[in-house]
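J.: okay, here's the prediction I keep looking at, along with the sequence it came from:
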Amino acid sequence: MSTGKLAGRCALITGGSQGIGAAIVEAFAREGARTAFCHVGDSENAAAVISRAQALGAEPLAMDCNVSDPEAVAAFVTAAEQRNGPTDILVNNAGISISHAFEDISLQEFDTILGVHLRGTFIVTQAVYAGMKSRGYGRIVNISSQLALKGGTELAHYCAAKAGVLGMTRALAMEAAPHGVLVNAIAPGPVETAILHVLSDDWRARKRSELPIGRFGETHEIAPAAVFLASEDASYMVGATIHVNGGDVMA
């Protein structure tokens, strides 16, 4: 029988094939959750995540799914729930980054960034929320960014999307809490992931120099916050944002 803080719970994690998402999949597996995660065209990394989770005694489901596509999301959620059971926990983590000076951001790039981060969070959440509400239980964890609070050069579209995620987190938290569904967010600082390395060397050097801790974070330093918010330890957390950012934003 599974043991751990999430034993018996069914969890969906978007963007789970690498980076923070992969660390969360593994942390959830370690805590006894039945997990399913999605990715976009990243089957090799997804297989590696599954292998590491299997070593922890878990059997995650991985599917290719663009979170900005409602039909793809519906197929992912259906497959996950048929295999693992009704969704108890959702982590909206899928993300991409495109860095440009504000005047060079194309409308297509703006729409793409908001499509994944904000529209995607809405679509996936709406796909599982009604079930959570009807069962009287749910945990939704939205991965935002410290840049939602302080902004960042060449990332106006990304900052706007992540700020929108925080706004939606608080709004849904108010609506959902009376039904036993707790909605919270994590705002990581710069973490050693593929998204960070899309940014220029100058940007990364400048950002590193701003951090009181003097370094970027590691994915395993973010995952415990997701475990906490998904567990009964966070039973009085409603609409909160946990800041795991090396001191970039102190709130």
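T.: Okay, I see it.

J.: which other residues reach stretch 117-125?
T.: 12, 14, 66-70, 73, 77, 90, 92, 94-96, 140, 142, 158, 161-162, 164-165, 168, 172 (Cβ atoms under 8 Å, 6 or more residues apart in numbering). (Each C-beta comes from the backbone N, C-alpha and C, glycine too.)

J.: scan the protein for its longest helix.
T.: Identified as the longest helix of the chain according to DSSP state H is helix 156-176.

J.: next, the angle from the longest strand anywhere in the chain to helix 156-176.
T.: Secondary structure of the chain per DSSP state E: the longest strand is strand 181-188. Counting by axes from the mean of the first three to the mean of the last three Cα atoms, to 10 degrees, strand 181-188 lies at 160 degrees to helix 156-176.

J.: and strand 181-188, what does it pack against?
T.: Using 3 or more Cβ pairs under 8 Å, 6 or more residues apart in numbering; DSSP states H and E, the elements in contact with strand 181-188 are helix 120-135, strand 138-143, helix 156-176, helix 223-230, strand 241-244.

J.: out of those, which gets nearest to residue 28?
T.: helix 223-230 (6.9 Å; Cβ to Cβ).

J.: where does this structure dip in pLDDT?
T.: 1-2 (pLDDT under 70).

J.: tell me where it has strands.
T.: 10-13, 34-39, 61-64, 89-92, 138-143, 181-188, 241-244.

J.: mean neighbour count and distance to residue 228 added to those strands, as CSV?
T.: Output for the strands of the chain, formatted as CSV (neighbours: other Cβ atoms under 10 Å; distance: least, Cβ to Cβ, whole Å):
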stretch, mean neighbour count, distance to residue 228
strand 10-13, 27, 14
strand 34-39, 27, 17
strand 61-64, 18, 24
strand 89-92, 28, 12
strand 138-143, 26, 9
strand 181-188, 25, 9
strand 241-244, 20, 8
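
J.: those: which one's closest to residue 214?
T.: Closest among these, using Cβ to Cβ: strand 241-244, at 15.8 Å.

J.: packing partners of the closest one?
T.: Against strand 241-244 (3+ Cβ pairs under 8 Å, 6+ apart) you get strand 181-188, helix 223-230.

J.: any residues touching the last one, and which ones?
T.: Pointing back at helix 223-230 there. 5-6, 9, 11, 20, 23-24, 26-28, 31, 33, 89, 91, 139, 141, 143, 182, 184, 186, 234, 237, 242, 244.

J.: what of stretch 62-75?
T.: Contacts of stretch 62-75 (Cβ under 8 Å, 6+ apart): 14-17, 36-41, 43, 46-47, 49-50, 76, 79-80, 92, 94, 115-116, 119-121, 123-124, 127.

J.: buried residues in it, which are they?
T.: By neighbour count on 16 or more other Cβ atoms under 10 Å, the buried set for stretch 62-75 is 62, 63, 65, 66, 67, 68, 69, 72, 73.

J.: same check, this time on stretch 121-141
T.: So for stretch 121-141, counting by 16+ other Cβ under 10 Å, buried means 121-125, 127-129, 131-133, 137-141.

J.: hmm, back to that, dump the helices and strands packed on strand 241-244 to CSV, plus distance to residue 58.
T.: Converted to CSV, the helices and strands packed on strand 241-244 look like this (distance: least, Cβ to Cβ, whole Å):
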stretch, distance to residue 58
strand 181-188, 22
helix 223-230, 14
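
J.: looking at the ones you listed, spot the one closest to residue 217.
T.: Minimum separation from residue 217 across the helices and strands packed on strand 241-244 (Cβ to Cβ) falls at strand 181-188, 6.5 Å.
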